[in-house]
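Participant: fold the following and give me the result.
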Amino acid sequence: MKILGIAASASKSSSNYYLLKAIEDLLSSPDEMKVIEGLEDFELFSPLRLEKGVPSNILDFKQHVLEADLVLIATPEYTHNIPAVLKNMLEWCTASGEFAQKAVLPITFTPHEPRGKYAMISLLGSLQTMKAKIETQLPLYKTDVHILDHQIELPEDIREIIETAINLYR
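Facilitator: Numbers count the residues shown, from 1 in each chain. Okay, here's the model as predicted:
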């Protein structure tokens with residue numbers, strides 16, 4: 001299975017990026033996963049910019065989405081919502097339909113419970129509007145994992161939860 005991981009933070013090398021890298025390490029060898037960060041480099045979406053043509057970095061991103069069998073979106077919560085960079089990325093993909101019928105596993109990764117709740121609601125609303133296929137969702141917390149020098153170690157119970165969630169899409 002070809003999996004695309006999208007680190008949806010506005011910070012380069014965020015904990016959401018390292019979570020996706022830990023998931024990549026967890027996957028079995030037949031799976032191929034690519035983790036993307038850098039949504040903050042996308043131009044701000046507007047209909048006028050769309051008419052002028054989609055920038056090459058966004059075209060490359062859209063191609064990665066189209067080629068993936070499953071997209072994992074790992075997002076923090078900013079002011080009870082998804083980060084603006086994630087919303088902007090979704091705006092670039094709305095009219096062109098890259099997420100239509102695309103299998104997506106939304107993940108919130110926040111410091112502790114109950115944070116992430118509103119980001120998940122917002123992300124699910126956008127993905128459902130775009131007609132993405134969502135089998136489940138994962139609210140994960142930094143208190144559930146071990147973080148040392150930006151490396152995330154997934155405890156066995158969290159590994160099982162993630163593997164079970166991904167297997168729903170196989």
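
Participant: contacts and neighbour counts: CA atoms only from here.
Facilitator: Fine.

Participant: ok, now which ones touch the most centrally placed residue in the chain?
Facilitator: Taking CA atoms, centre = their mean, the centroid of the chain lies closest to I73, which sits 1.2 Å from it. Counting by CA atoms under 8 Å, 6 or more residues apart in numbering, I73 touches 5-8, 104-107.

Participant: and the gap between I158 and G53?
Facilitator: 42 Å (CA to CA, to the nearest Å).

Participant: so for the two, which sits in the more crowded spot?
Facilitator: Each of I158 and G53 has its neighbours counted (other CA atoms under 10 Å); I158 has more, 14 against 10.

Participant: so that one sits against T143, correct?
Facilitator: No: using CA atoms under 8 Å, I158 is not in contact with T143; the gap is 11.2 Å.

Participant: looking at the protein, which strand is longest?
Facilitator: If you go by DSSP state E, the chain has its longest strand at strand 103-110.

Participant: mean confidence for that strand?
Facilitator: The average pLDDT within strand 103-110 is 98.

Participant: do the same with stretch 50-62
Facilitator: Here the average pLDDT along stretch 50-62 is 96.

Participant: many thanks, I have nothing further to ask.
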